[in-house]
Structure formats: C-alpha cells, structure tokens
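K.L.:
here is the input, now give the coordinates:
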Amino acid sequence: MLTQHIPGEILGAAASFRDKRVVVHSDVRCDSASLGDLVDESCRVAAGLAALGVRPGDVVAVQLPNWRECFTAHAAIWLCGAVVLPIVPSYGPAELEFITRRAQARAVILARTAGKRDAAPALAALAPVPGLDHFVLVGDPLPGTVDYAELADSVATDFDPVTPADPRDRCLLVYTSGTTAEPKGVQHSHASLLGEMRSMDELRSARANLTTLTVFPSGHIAGTLGILRLFCRAGTTIALDSWNAERAARLIARHSVGVSAGAPIHLNGILDVAERDGLDLSSLSEYVTGAAGVAGTLIRRAARFGVGAFRCYGSSEHPTISSGRPEDPLDKRADTDGRITPGTAIRIVGDDGADVATGVAGEILTRGPELFCGYTDHRHNRDSMLDGWFRTGDVGRLDADGYLTITDRKKDIIVRGGENISSKEVEDVLSSHPAIAEAAAVGAVDEVYGERVCVFVVVNAGQRFEVADAARHFRECGLARHKTPERVVVVPELPRTASGKVQKHVLREQLNSR
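P.N.:
Down below sits the predicted model:
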C-alpha cells in the first residue's frame, strides 16, 4: 500500500522486510544491522529529539559521514515531523555556520571526530547562531552537548511518530551552490521525495531486490535519497563512509552488488582496481553516473567489464529528470543522458522562450511530481520559474528517439567530482586576498574529477599569487577543501565584453589550448 508521507513509508517497510541488512564499511565505525533494528533505534532517537524540544516543522541539521547514526538521524527527524537539513561532511565551520543560520536550524547533529576533523571548531562557530539550541554529538560528548548514544539507547515508551497533515509539508532542506555566492535553500516535501522514489521504482521495478552499494554522502540530494531508499525499499544496502576505490571494487565483487551510483571519478576508480586485480564486476547491472560531465568512453569502458553503466541528469531541485536504462543500446547509454523519467515533463526553449525543434539545443524547463516546492528565498523562486515550469539553467537537446543530451550550462558553477562549486563564491574569497586585484573562476576539464577549479587572477603591483597561496587562504577562510583552486593562471587583464562582463568562455578556450 502506498503512503503519502515518509514516516508511513518507513514504518511500512519495517513491517514488510524487517530482516533486510544494512552494512556500513568504515575504517573507524564498521556496523551491520537489520532494518527493523534501525527503525526501532530511529524511533528512540525521535523520542529523544522531541524530549529536547524539537517540534514538527523545526529544522534539524545533520553533518555526518555514512554511518549508522547518520541513517537513524535522518529517519528520526522525519518520524518526529521535523525537517532534515543535511550538510556535506567536508564543509568547514564557516559554511556550517552560514547554512544553519540561514536555515534557522533548531538543533544540529555532528560527529565528535571524523577523519582529521574535530567538532570543537564547528561548535565554536555555531554558538552565536540564533535559535540553535541543541548540539548533539556522535562520539565522546563535549560540555554543553548531548550524546547521540544516549538518545539511541533511551526507552521510547510513549512516542508516536508524527503523521504530516499534508503531503506537501516540507521535510527536507538542502543547500546547493548555484549561480550566486550564497548557497540556495532547496525545499522538498514528502510528496516530492516520494514522487522521486516511485519514479525510480517504475524504471527499475523488475530488479528491486538487488544488493546496493551507496557512496554519495548526505548533504547531496543523491545521498539523502539513498538514505530514504535504504529505509523504504527491499534489498541489502552496503554503505561506504568515505570514498575508497579499492574497497568499493572488492565489495562489488565479493557481495555481487547489483546497483550503485556515483560521479565519474567513482566509476573510473572502481574500473581501475578491477583491471589491476582482475576482479569480476559483472554482477553490477545498474551503475548510474552523473553529477559531472560523463565521457562516453567511460560508459564503454564499463561495458567491457560487464558493468551496465548509464548516464542520468538531475539537480537538487528536480532529482532525476532523465536517465538511461540497463536495456538501452550502448551508444544511447554512452552518448546521451537517457530518456525523460516517468511523470516528468520537459520543454526545450530558445532565448525567446519558444520551444525549439527536435535536435536543437535550448534551455531545459521541467515539471513533475518530484519537483521541489521552492527556495527558501522567494527572490530565487521568481527567477527560477517560467509559467509553471522550472528553469534548470542547463542547455540540452532531445533526439528523435526521446533521449536527452546536456550540452552546456547557463549556471556559473564548477562540478568537481560530483560537488557543485559556485564560481562566484571562489571569486569572492579570492578578492579578499591582498595580492588579488581581480579573479575569475572556471572549470578546467579533468579526466578524473570531470572538472577542477582553475582561477585566472590579476595581481596587484609587486605581488605574486600561486596555488600554495590559494590553499592557505581558503583554509584560513574555513571553506571546504574541494573549493580550493588547483590551478592558478596570472594574467595582465581579464577578457571582457563591451559592457564589462568577464568572458568566461574565452578563459575556458585558453585553458583548452594550453
């Protein structure tokens, strides 16, 4: 029976396949549990959050790797009627403070330690955030924090999961780098997330019980949807808490993993290990890749290993707009971004707003049941919609067979290893360095990451600026490492239009010719 809200989906799944296994592979927090145990734990955490004062509609931030606690935290927040605010684990204190302040978060759940990162600097940055009253730590608690283990071990004798009054109620708030330096808050409802789930079910319903390997972290829409699928759909789930190509490839071979997804860097890494060590990956019948430019040669390489890889296209606002299918011809899987997903409608329009002919590139407009329910800043809503259609900011074309191919971006972003990076944010940070007079950030094409951050800079008289200077400055500013420029080109001036706008296409052409 289909439900209209996430708590009903989670509880229904726990009743239907309680013994499903969820396995976490980690250097520090390996774990294995049944779905029933995870849901029971989630209910206890939900009761604990409610006892702290978290109410339906409150925003609760989560910044955790793919650990058991990350999964139960998401479910617990939904079960108590609150809104999940997932934050990319690599984000630093500055980004964490900005997002929680902008989202008006009521509580935050953090790792005491994760890799080389300690929670203390983040807690110091979060202390002044208005309304952020509760700090929950996974691991050894600090003064003024709540131990997540105490919530998970509590006895919830009188807790009843909150049933949303309206499927259109907000349940997810995810921040994405876009065309401005400030991340945009993308809001999803129970209806939109479940609409995405059911669209994917329709695409792949015949293979619902395959073992899944999940690598995307929470903080990305793909990671959040992976957690939702973990709780709501059958089949064993294996999760990696940090990317390790060798571990991923060996897990696929050992456990006959049938389904996975990742950016091109993930798929390339898996294939490299398999080629080196002679691993059998032929069980992997569905590998969905996107979140960056995907070379057709990568899909064809995967096919030589018996891996059924195909491209997809979507965004935080509209998670899956198009997708290949395992049964599609290899040329279509390799050279297009697939067919439009069930329930989704698209238009491709020219600069005049009129629909273009088949095979002609134009801006992609979309609508459908999984489309987000708006940005938190209503100014962005006005700019993003056109007569009820969402303006993706991407350019593509439809062929005569109904396959979509993305050809360009109108949005000024760099996509590095699946991470969206705002060019303007990079430029704004650079402009605060005393050596920099002007800066422009563009994506440099890269076989491993899809793109790397490259900056063209005009330096002040008598100054120098190199990659090491950029790394030091970005670290001091508290930004995530993946946003740091990896290539610096010093130029006497930036190319501009007659109106003064920087011509980034000229800079990209200069990169390609070097």
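K.L.:
quick one: low-confidence ranges for the stretch 401-514 of the chain?
P.N.:
Scanning the stretch 401-514 of the chain for pLDDT under 70 picks out 497-501, 514.
K.L.:
which parts of it are strands?
P.N.:
Assigned by DSSP state E, counting those that start in this stretch, the stretch 401-514 of the chain shows strands spanning 404-409, 413-416, 419-422, 436-446, 450-459, 487-490.
K.L.:
pretty sure residue 148 is touching residue 140, no?
P.N.:
No: assessed by C-beta atoms under 8 Å, residue 148 is found out of contact with residue 140, at 10.8 Å. C-betas here are computed from N, CA, C, even on glycine.
K.L.:
please identify which of those two sits among more neighbours.
P.N.:
residue 148 (24 against 11; other C-beta atoms under 10 Å).
K.L.:
on that earlier part again, now the strands of the stretch 401-514 of the chain in TSV, with distance to residue 267 and mean neighbour count?
P.N.:
Shown next, in TSV, are those (distance: least, C-beta to C-beta, whole Å; neighbours: other C-beta atoms under 10 Å):
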stretch	distance to residue 267	mean neighbour count
strand 404-409	18	17
strand 413-416	15	23
strand 419-422	16	22
strand 436-446	15	21
strand 450-459	11	22
strand 487-490	24	16
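K.L.:
make TSV from those and add distance to residue 196 to it.
P.N.:
Compiled in TSV, the strands of the stretch 401-514 of the chain are given as follows (distance: least, C-beta to C-beta, whole Å):
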stretch	distance to residue 196
strand 404-409	17
strand 413-416	21
strand 419-422	18
strand 436-446	27
strand 450-459	23
strand 487-490	36
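K.L.:
pull the contacting residues for the residue lying closest to residue 314 once chain neighbours are set aside.
P.N.:
With C-beta to C-beta, 6 or more residues apart in numbering as the criterion, residue 314 has its nearest non-adjacent residue at 4.3 Å, and that residue is residue 320. Residue 320 sits next to 196, 199-200, 312-314, 341, 344, 370 when contact means C-beta atoms under 8 Å, 6 or more residues apart in numbering.
K.L.:
hmm, residue 135 and residue 144 touching each other?
P.N.:
Yes: if you go by C-beta under 8 Å, residue 144 and residue 135 touch, sitting 6.5 Å apart.
K.L.:
between those two, which contacts overlap?
P.N.:
By C-beta under 8 Å, 6+ apart, residue 144 and residue 135 have these common neighbours: residue 123.
K.L.:
could I get the contacts of residue 320 in a markdown table, plus columns for pLDDT?
P.N.:
Output for the contacts of residue 320, formatted as a markdown table (pLDDT from 0 to 100):
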| residue | pLDDT |
| --- | --- |
| 196 | 95 |
| 199 | 91 |
| 200 | 89 |
| 312 | 95 |
| 313 | 94 |
| 314 | 94 |
| 341 | 96 |
| 344 | 97 |
| 370 | 96 |
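K.L.:
rewinding a little: quick check, the residue nearest to residue 314 in a strand?
P.N.:
No: using DSSP: H, G, I helix; E, B strand; the rest coil, the assignment for residue 320 is coil, not a strand.
K.L.:
quick check on it: phi, psi?
P.N.:
The phi/psi pair for residue 320 (degrees, to the nearest 10) reads phi -130, psi 110.
K.L.:
ok, now residue 235?
P.N.:
Dihedral angles (degrees, to the nearest 10) for residue 235: phi 100, psi 140.
K.L.:
check the one 5 residues further on too.
P.N.:
Backbone dihedrals for residue 240, given as degrees, to the nearest 10, come out at phi -100, psi 130.
K.L.:
how close does it sit to residue 218?
P.N.:
13 Å (C-beta to C-beta, to the nearest Å).
K.L.:
residue 144 and residue 135: who's more crowded?
P.N.:
When residue 144 is set against residue 135 and neighbours are counted by other C-beta under 10 Å, the residue ahead is residue 135, at 19 against 10.
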